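# Pasting a predicted model and its sequence here:
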Amino acid sequence: MYREYLYSGKNPNEIYAPDRVLPKGETPFRDEYEEYIREYPGRGTLKVQISVARGAFPLKNVLVDVSQIYNGVRYSLYNDVTDMSGIVDNMVLPARSFESTLNFDDSRIPEAQYLVTVYHPDFKELTDCAVIIHDKTETILPVSLTPLTGEREDG
């Protein structure tokens, strides 16, 4: 799907379906994911900044996918394309509540860990970069991509 977008010259909203409005009480996650949402009632945000040349230049049109593995099932929670500043942000993700981090009894619940995959056809793919999300906190993940050497397969 990303390659279709990259080479089509279309707006991302024409390729990726716009977010639909959810009726009150409905969740976009599968039923088995509801347990995870209950275990992690806090919410934190993730911002991913993609650049090249050791952070010197932002890179647009990079696919960023944020996933979660829960009970052996991989859930893709967000996938979006970076803007001209090389950023995808405002990804709200479940996290341990702030109160549970202060309570020793709740320490059996691990921190909320997510996997970030970054893809652009001209750069080496970054797969499953782990990031921890904390309640009421914005986590910023800076990523500097390495250009591929040689000819691409598609031309």
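Yep, that arrived.

# Adjacent strands (with direction) for the longest strand seen in the chain?
Counting by DSSP state E, the longest strand found in the chain is strand 42-52. Taking DSSP bridges as the criterion, strand 42-52 pairs within the sheet with strand 57-58 (antiparallel), strand 87-95 (antiparallel), strand 138-144 (parallel).

# Who does residue 79 form a beta bridge with?
residue 65.

# residue ranges for the helices of this protein, please.
Along the chain, counting by DSSP state H, helices occupy 2-8, 12-15, 34-39, 98-102.

# Would you single out the least confident of those?
Note on the helices of the chain: helix 12-15 shows the lowest mean pLDDT, a mean of 46.

# If I look at residue 147, what pLDDT would I see?
91.

# What separation do you get for the nearest residue to it once chain neighbours are set aside and residue 35?
Distances taken as Cβ to Cβ, 6 or more residues apart in numbering put residue 123 closest to residue 147, at 5.7 Å, once the chain neighbours are dropped. Glycine gets a C-beta too; all of them are placed from N, C-alpha and C. To residue 35, residue 123 is 37 Å away according to Cβ to Cβ, to the nearest Å.

# Can you give me the neighbour number for residue 57?
11 (other Cβ atoms under 10 Å).

# in this structure, what secondary structure element scores lowest on mean pLDDT?
Comparing every helix and strand of the chain by mean pLDDT, DSSP states H and E singles out helix 12-15 as the least confident one, with a mean of 46.

# Centre of the chain to stretch 52-62, how far?
Distance of stretch 52-62 from its chain centroid, counting by Cα atoms, centre = their mean, to the nearest Å, is 17 Å.
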